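1. Got a predicted model here, sequence first, then my questions.
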Amino acid sequence: MKRQFVGFASALALLLVVPAGISMSAQATVQAAQTQAAASQDAPLPKVFLFATGGTISNRDGGRLTVDELIASIPGLDRRVRGEGEQFANAASSSLTLDQWLDLSRRINARFKSDAELSGVVVTSGTDTLEELAYFLHLTVRDERPVVVVGSMRNPSTLGYEGAANLEDAFRAAADPASRGMGTVVVLNDEINSAREVTKTDALRLDTFESRRYGVLGVVDSDRVAYFRKPLRRHSAQSEFDVTKIAELPRVDVILTYQGATGDVITSVVDSGAKGVVMATAGAGATSGTQGEGMTYAVGKEVFVVTTTRTGSGRIMSGRGRRGQGGGPTYRIAGDDLNPIKARILLMLAIATTNDGAEIQRMFSEY
Ligand code: ASP
């Protein structure tokens, strides 16, 4: 459902003067007309589209905030941007399905294609798997214009709820021309991080999203949106991943290395239908216990095995994952510097696109 949105302060004023019995949509129409009249006196405001998917940012006690209520929580937003919103979902991030991810990406692509005036898109998400959705969009929304993924750590019923401030920052980043070419970014706590690098580092703290050694791309300050660097790896407008051609994402599992880990876990996911396995190894690629036997079993079944590190940063060098493979087709892939869950996203898209391991290794070196 598509909605015009209205500013909170003006909506509140309207509520005080509009007689009881006039519907919310009538108020929204009056407000939209007022907003439009005010805007037409100046240059057109940047246009931003919001897809709301749920998460803590909308998880109020007694009922989740709708897309309209989220928008209304930002005072004076209608003086900064022209916007529309859609309630895509209203659930915890981890309960969205991979089919919903595909659908969301298709919808964002279609919206950019059909609306040349649109400056950017904002997506609200729960924070638990936010970085996974963000990286998926970074690889599949094929446009120069930004997608800004935003959430919050405190819910709307909590003192110090930071969701409205984060959402305002997200709108400002999505509207700003400097965000073009940045791909999908994550905005929380006034910081802009690249979807490729950002990770949730703390279960509770407000400054949980970090790009570790790489640092922020930019910040959203009260004077302006300021960028300091740009993502260099292939993404968004340069991406080869076309979600209109992907009907479904293949099963890919992540397996952790720890002392004495057993290979039967790998055998089991392969026998259950996994098309890819990401090894979150303890260091720069070494596995433990009998995991090597499980990996050999997987490769024998033509299942792609990507080696990554569980340490939080650092590269798996190319060739490392392929040790002992011989001269046949490549099923062992080095995951470069992607963390295990980001590597899973790229591997799902890679397997949905090709069954050539050398091509998949190229993708891990380029994206
Ligand atoms: N459980 C929530 C989710 O990921 C956490 C959050 O939004 O912060 O949907």
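-> Yes, it's here.

2. Next, count neighbours for the closest residue to the ligand within the stretch 101-250 of the chain.
-> Nearest to the ligand in the stretch 101-250 of the chain, going by CB to the nearest ligand atom, is residue 126, at a distance of 1.8 Å. All C-beta atoms are positioned from the backbone trio N, CA, C, and that covers glycine. Neighbour count for residue 126, taken as other CB atoms under 10 Å: 22.

3. Next, give phi and psi for it.
-> phi -60, psi 150 (degrees, to the nearest 10).

4. The residue nearest to residue 266 when sequence neighbours are not counted: which element?
-> Excluding the flanking residues, the one nearest residue 266 by CB to CB, 6 or more residues apart in numbering is residue 294, at 3.0 Å. Assigned by DSSP states H and E, residue 294 belongs to helix 291-300.

5. How about that helix, which residues are buried there?
-> Residues of helix 291-300 classed as buried by neighbour count (16 or more other CB atoms under 10 Å): 291, 294, 295, 296, 297, 298, 299.

6. likewise stretch 202-211?
-> For stretch 202-211, using 16+ other CB under 10 Å, the buried residues are 208, 209, 210, 211.

7. give me every residue that touches residue 274.
-> Residue 274 is in contact with 251, 252, 253, 298, 303, counting by CB atoms under 8 Å, 6 or more residues apart in numbering.

8. Tell me which two in those are the farthest apart.
-> Spatial extent of these (CB to CB) is set by the pair 251 and 298 at 12.6 Å.

9. isn't the residue nearest to residue 266 right next to residue 264, touching?
-> Yes: using CB atoms under 8 Å, residue 294 is in contact with residue 264, at 6.6 Å.

10. residue of the stretch 251-367 of the chain with the smallest distance to the ligand?
-> Closest point on the stretch 251-367 of the chain to the ligand, by CB to the nearest ligand atom, is residue 341, at 13.5 Å.

11. Spell out the secondary structure type for that residue.
-> With DSSP: H, G, I helix; E, B strand; the rest coil as the basis, residue 341 sits in helix.

12. Leaving out the residues flanking it, which one is nearest to it?
-> Closest to residue 341 by CB to CB, 6+ apart is residue 132, at 5.6 Å.

13. Surely that neighbour forms part of a helix?
-> Yes: remark: residue 132 belongs to a helix, assigned using three-state DSSP.

14. in the sheet, who's paired with residue 150?
-> residue 124 (DSSP bridges).

15. Show me the shaky parts of the protein.
-> Confidence mapping of the chain against pLDDT under 70 gives the ranges 1-42, 320-328.

16. Could you list the residues of it in contact with the ligand?
-> Contact residues (CB under 6 Å from any ligand atom) of the chain with the ligand: 55, 56, 92, 93, 94, 126, 127, 128, 151, 153.
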